[in-house]
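Enquirer: Sequence unavailable; structure follows:
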């Protein structure tokens, strides 16, 4: 424990360092909130103000219309809806398919296991941009629709990730559980379904959350595939291409309001599950 | 059927869906890209694609060096000197670079042993994209590792509110990359309405606002600043996990032996952290090499990363063959980096 009474100078330095780190990490987000509460004229005041101020009287005066506007504009709400659909389904699909494979890789003996593990590991590092042209060709040719196409293509990063992390969780489960279930006459599938799956529920939550965030974040596929179907744009694409009512000016206030709105739920989720997330990240990386 | 056989059959059944999905979303498109990279296929083109061999690769990567002859003054018979700059005048690169069978354009000029040369490329933008990406990757990963190590060491000491601190670290990581790009875009605004120009102005460091995102020397550093902000916490968390695996007894023993704090850091902490740092480095490097979001959102076509070049070639120019070749080159570059890391750091499994 750092003792604040024993060495005042040292602990002051330590606190200063902590403060610098916290400000560095949070300030850009504060600045986005601050700017999203400014009207056009407040945004272009020079020098920029640390809180929204009235251009004339310089009193504190936040402006909430940016938030109202983005919810009235179809593009943002549609983007939110598309993102929720795409990220949720991509995650659920990856979890169900990935958990089956992970159980086999983590607990069963079969030929080709090591090779399969290597393939999955290599896939987690696979540069998605490489196959951009190939996937684009496939998706535009299949009569699938852009949203299902995105969901399916997102499996390229959610599936190897969930499989890899879940495999390491299954591996860590004691083998005795399986053996005693086998002695009791359970088939391997029953063991998996009735005993191991409930035990890995926390891991599934972590893994699902991380996969969801990856899918929520995804930009290059979404941008490419929705270039011919603007109705299917997800949140990152909508925010990148945000246009206002007036074509001349870039609506920075509204863009930042949208940025704040999409960030807060994810930040809350992350804060609630923070311990699990750190565990999952390190399982995905350190053990890989 | 015996138990072993049943187990094996079950394993194959469980693996099958995942393998089929990966086959469709990864292996098939990869094969498609590899094949298309040898053709001149155009997206939604009317005519059939033709096999062009390595033409796409040649077009992307071909470079040439030509000597620039000095411009001789007709009157004096000596090399012309520019009146304004006082520099000797050489032939313009465009007149020296080959035009047949393929046109080369200027990438840069340089002097060597008193001669002036021009480096030309068939697609200077792609060569620059490789350069931009490598510059971005090397600097940002280096900074993220150093800052991540510092933050991890600070957070690793026990203090009240450590949980809160760790939670704070997850905030930048949770922000969508495109969103962080737009947030920083506004902080980098080219007038004093932008945070950085306001700050620099307050500190009287600048006379005139800097247009960070359009001023070429500042473009990549701006991208690096955003990336460092967003991913340093991730790096710190990975290193922190490594730090917490170091047994405390080692430090106790070292202290009993009278090792100084610095000595303990370099003899215990750093060597034992090596595997964690190595893994974090590999992950970050491979990730940084495919940087797309920041470049596309903030610089669009004024400056490319390898991935954003690929994107524009595909979507704006509809050039599937060339885009596919770009994809293959990115794949190879990332593969080389992965192998290099494995060799250098001795990471196994």
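Expert: Okay, I see it. What you see is a predicted model, and the numbers here were worked out from it, not measured in a lab.
Enquirer: residues touching the residue nearest to residue A:279 when sequence neighbours are not counted, list them.
Expert: Distances taken as CB to CB, 6 or more residues apart in numbering or on different chains put residue A:206 closest to residue A:279, at 6.3 Å, once the chain neighbours are dropped. Glycine gets a C-beta too; all of them are placed from N, C-alpha and C. Neighbour list for residue A:206: A:165, A:273, A:276-277, A:279-280 [criterion: CB atoms under 8 Å, 6 or more residues apart in numbering or on different chains].
Enquirer: Could you identify which of the residues you listed has the most neighbours?
Expert: Counting neighbours by other CB atoms under 10 Å in any protein chain shown, the top entry in those is residue A:165, with 27 neighbours.
Enquirer: Can you list the low-confidence ranges for chain A?
Expert: For chain A, the stretches with pLDDT under 70 are A:1-6, A:243-249, A:282-288.
Enquirer: Would you mind splitting it into its domains for me?
Expert: By the assignment in automatic domain parsing, chain A contains the domains A:8-63, A:67-285.
Enquirer: Minimum distance to residue B:82: which of those has it?
Expert: Closest to residue B:82 of the domains of chain A, according to CB to CB: domain A:8-63, at 39.9 Å.
Enquirer: how far out from the middle of the chain is the closest one?
Expert: Here domain A:8-63 is found 26 Å from its chain centre; the criterion is CA atoms, centre = their mean, to the nearest Å.
Enquirer: Distance across that domain, terminal residue to terminal residue?
Expert: Start and end residues of domain A:8-63 are separated by 44 Å (CA to CA, to the nearest Å).
Enquirer: repeat for stretch B:292-310
Expert: The first and final residues of stretch B:292-310 sit 10 Å from each other (CA to CA).
Enquirer: Mind checking what secondary structure the residue of the stretch 51-200 of chain A at minimum distance from chain B has?
Expert: In the stretch 51-200 of chain A, the residue that lies nearest chain B is residue A:134 (3.2 Å; CB to the nearest CB). Here residue A:134 is recorded as helix under DSSP: H, G, I helix; E, B strand; the rest coil.
Enquirer: check contacts around the residue lying closest to it once chain neighbours are set aside.
Expert: Of all residues not flanking residue A:134 in the chain, residue B:29 sits nearest, at 3.2 Å (CB to CB, 6+ apart). Applying CB under 8 Å, 6+ apart, we find residue B:29 in contact with A:131, A:134-135, A:138.
Enquirer: what's the answer for residue B:80, then?
Expert: By CB under 8 Å, 6+ apart, the neighbours of residue B:80 are B:70-73, B:88-89.
Enquirer: Check residue B:53 too.
Expert: residue B:38.
Enquirer: Over to the one 4 residues further on?
Expert: For residue B:57, the residues meeting the contact criterion (CB under 8 Å, 6+ apart) are B:37, B:325, B:328-329.
Enquirer: so it is in which element?
Expert: Using DSSP states H and E, residue B:57 sits in helix B:55-61.
Enquirer: Who wins on neighbours among the contacts of residue B:29?
Expert: Each of the contacts of residue B:29 was scored by neighbours using other CB under 10 Å; the highest score is residue A:131's, at 29 neighbours.
Enquirer: how far away is it from residue B:136?
Expert: 22 Å (CB to CB, to the nearest Å).
Enquirer: top of the contacts of residue B:57 by neighbour count?
Expert: So for these (other CB under 10 Å), the most neighbours sit at residue B:325, 30 neighbours.
Enquirer: from memory the residue of the stretch 51-200 of chain A closest to chain B sits against residue B:28, does it?
Expert: Yes. With contact defined as CB atoms under 8 Å, residue A:134 reaches residue B:28; the gap is 7.4 Å.
Enquirer: does any part of stretch A:44-55 sit near chain B?
Expert: Yes. Using CB under 8 Å from any CB of the partner chain, stretch A:44-55 comes into contact with chain B via A:44-48.
Enquirer: and the residue nearest to residue A:189 when sequence neighbours are not counted, how far is that from residue A:111?
Expert: Among residues not flanking residue A:189 along the chain, residue B:10 sits closest, at 6.2 Å (CB to CB, 6+ apart). Distance of residue B:10 to residue A:111, given as CB to CB: 13 Å.
Enquirer: In terms of neighbours, single out the busier of those two.
Expert: The neighbour comparison of residue B:10 against residue A:111 (other CB under 10 Å) goes to residue B:10, with 19 against 10.
Enquirer: So the more buried one versus residue A:115, what's the distance?
Expert: Using CB to CB, we find residue B:10 at a distance of 18 Å from residue A:115.
Enquirer: From the centroid of chain A, which residue is nearest?
Expert: Centroid check for chain A by CA atoms, centre = their mean gives residue A:213 as the closest residue, at 1.3 Å.
Enquirer: buried set for stretch B:47-61?
Expert: Neighbour-count burial for stretch B:47-61 flags B:52, B:55-57, B:59-61 (criterion: 16 or more other CB atoms under 10 Å in any protein chain shown).
Enquirer: ok, stretch B:287-294 near chain A or not?
Expert: Yes. Counting by CB under 8 Å from any CB, chain A is contacted by stretch B:287-294 at B:289-290, B:292-293.
Enquirer: Repeat that for stretch B:334-346.
Expert: Yes. Residues of stretch B:334-346 contacting chain A under CB under 8 Å from any CB: B:334, B:338.
Enquirer: before we move on, what about stretch B:199-208?
Expert: Yes. Residues of stretch B:199-208 are located near chain A by CB under 8 Å from any CB, namely B:201-202.
Enquirer: Now do the end-to-end distance for that stretch.
Expert: One end of stretch B:199-208 sits 12 Å from the other (CA to CA).
Enquirer: what residues does the stretch 51-200 of chain A put near chain B?
Expert: When proximity is defined as CB under 8 Å from any CB, the stretch 51-200 of chain A approaches chain B at A:97-98, A:100-101, A:103-105, A:108-111, A:113, A:116, A:119, A:123, A:125-138, A:152-153, A:155-156, A:159-160, A:163, A:182, A:187-189.
Enquirer: Mind checking which of these are in helices?
Expert: A:97-98, A:100-101, A:103-105, A:113, A:116, A:119, A:123, A:132-138, A:152-153, A:155-156, A:159-160, A:163, A:182, A:188-189 (DSSP state H).
Enquirer: From what I see, residue B:143 and residue B:231 are in contact.
Expert: No. The pair residue B:143 / residue B:231 is not scored as a contact, 9.8 Å apart, by CB under 8 Å.
Enquirer: Looking at the two, which has the bigger crowd around it?
Expert: The residue with more neighbours, out of residue B:143 and residue B:231, is residue B:231; 24 against 17, by other CB under 10 Å.
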